[in-house]
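Asks: sequence-free structure coming up:
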């Protein structure tokens, strides 16, 4: 039976209004509205085919069972004020599709169990130190952060929207922490985003957190988690130059701006020095282009999963077919975290026999 919720999910994912989709598919807005509201339970096959082509989804996608959608009430969006309603709907649609992909993967692989603390109500810096202690990190700098998160059971996905308005977001679903990361920013800022979302997961567990207070708490958690003040003070002398901080920032894997801010919070630089440094950062363009940039981190878990699937000659395209997804959806959800995923083009083709005259 035709599933109207699936039609809206695909439309949201493609960021299309009803009018835009109706025009692309060559149907009336009234027809589309009746389909999305379930008032036309058995549409013509030609209508479904036209909608599927316009949306770039397989026709069978629209006949799958109901799914549990991801909603804004359980998601911690970082840039909610800057996002348009269409961008928010597309991000949530990505999350809903990710849940279906994760269900497929979980049925075939034993993934690391979640191992986070519920630190709801704790002071952010104390919460960061508590989680470091629980994970046995102490005051040491954190190496590959994405690898650490995956080992601790956080399910990572990438976002297709490489746009400054659509930032990272996170949520809990059925006891599993999920994080969606946007590769639009530098590697350093991407690490901070991941630590920020970790803050939401442990400080605002099991409920979507929004508003300035929640964002400030997650920022403070991220700064303390990546750059413990004791380690910072032991490594940076008072009143450091910008050149010293550029060389030092790789220790914590953070942006120069974040390091300058933390040095100020740790009273290693004066307020005047702090303001002067920020002016210099802006003039030099270091607020948008990171000096001595890091290499962007990648997912270890997804790489292992698709390497295992590839040994059975299963590609992302075949996974997409089993889920009745477009192949680009799988690429969008994982491709930002891995350099390359095996596709149908990588499958070795059998050699055609050569006829010889003897």
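Replies: Nice, I can see it. Since we're looking at a predicted model, the values are computed, not measured.
Asks: so what's residue 73 scoring on pLDDT?
Replies: Residue 73 is assigned a pLDDT of 79 by the prediction.
Asks: Just give the number of residues close to the spatially closest residue to residue 159 that is not a sequence neighbour.
Replies: Leaving aside its sequence neighbours, residue 159 sits nearest to residue 182 (C-beta to C-beta, 6 or more residues apart in numbering; 4.6 Å). Just so you know, the C-beta spots here come from the backbone N, C-alpha and C atoms, and that holds for glycine as well. Per other C-beta atoms under 10 Å, the neighbour tally for residue 182 reads 24.
Asks: Give me the contact list for the helix or strand bottoming out on mean pLDDT in the chain.
Replies: Lowest by mean pLDDT, DSSP states H and E among the helices and strands of the chain is strand 76-77, with a mean of 72. With contact meaning C-beta atoms under 8 Å, 6 or more residues apart in numbering, strand 76-77 is reached by 83, 88, 91, 167, 169-171, 197, 200, 204, 208-210, 214, 218.
Asks: Which ones among those lie within strands?
Replies: 169-171 (DSSP state E).
Asks: Same list, those residues, but as JSON lines with distance to residue 305, neighbour count and pLDDT please.
Replies: Compiled in JSON lines, those are given as follows (distance: C-beta to C-beta, whole Å; neighbours: other C-beta atoms under 10 Å; pLDDT from 0 to 100):
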{"residue": "169", "distance to residue 305": "22", "neighbour count": "29", "pLDDT": "90"}
{"residue": "170", "distance to residue 305": "20", "neighbour count": "29", "pLDDT": "92"}
{"residue": "171", "distance to residue 305": "21", "neighbour count": "27", "pLDDT": "91"}
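Asks: for this structure, what spans make up the strands?
Replies: Going by DSSP E, the chain shows strands at 76-77, 155-158, 169-173, 176-181.
Asks: which helix in the chain runs the most residues?
Replies: helix 85-106 (DSSP state H).
Asks: what packs against it?
Replies: Counting contacts by 3 or more C-beta pairs under 8 Å, 6 or more residues apart in numbering; DSSP states H and E, helix 85-106 packs against helix 4-13, strand 155-158, strand 169-173, strand 176-181, helix 316-323, helix 327-334.
Asks: and of those, who's closest to residue 259?
Replies: strand 176-181 (21.0 Å; C-beta to C-beta).
Asks: So what's the gap between the closest one and the chain middle?
Replies: In terms of C-alpha atoms, centre = their mean, to the nearest Å, the centre of strand 176-181 is found 7 Å from the chain centre.
Asks: circling back: neighbouring strands - and their directions - for the least confident helix or strand of the chain?
Replies: strand 169-173 (antiparallel) (DSSP bridges).
Asks: got a list of contacts for the strand it pairs with?
Replies: 70, 74-78, 91, 95, 99, 177-180, 197-198, 200-201, 205-206, 208.
Asks: Could you turn the buried ones of those into a PyMOL selection?
Replies: Buried members of those can be picked out in PyMOL with the line below, counting by 16 or more other C-beta atoms under 10 Å:
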select buried, resi 70+74+75+76+77+78+91+95+99+177+178+179+180+197+198+200+201+205+208
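Asks: re the thing from before, does the residue nearest to residue 159 touch residue 156 like I think?
Replies: No. Residue 182 is not in contact with residue 156 according to C-beta atoms under 8 Å; the separation is 11.9 Å.
Asks: residues near residue 141, how many?
Replies: 15.
Asks: Give me the distance between it and residue 231.
Replies: 7 Å (C-beta to C-beta, to the nearest Å).
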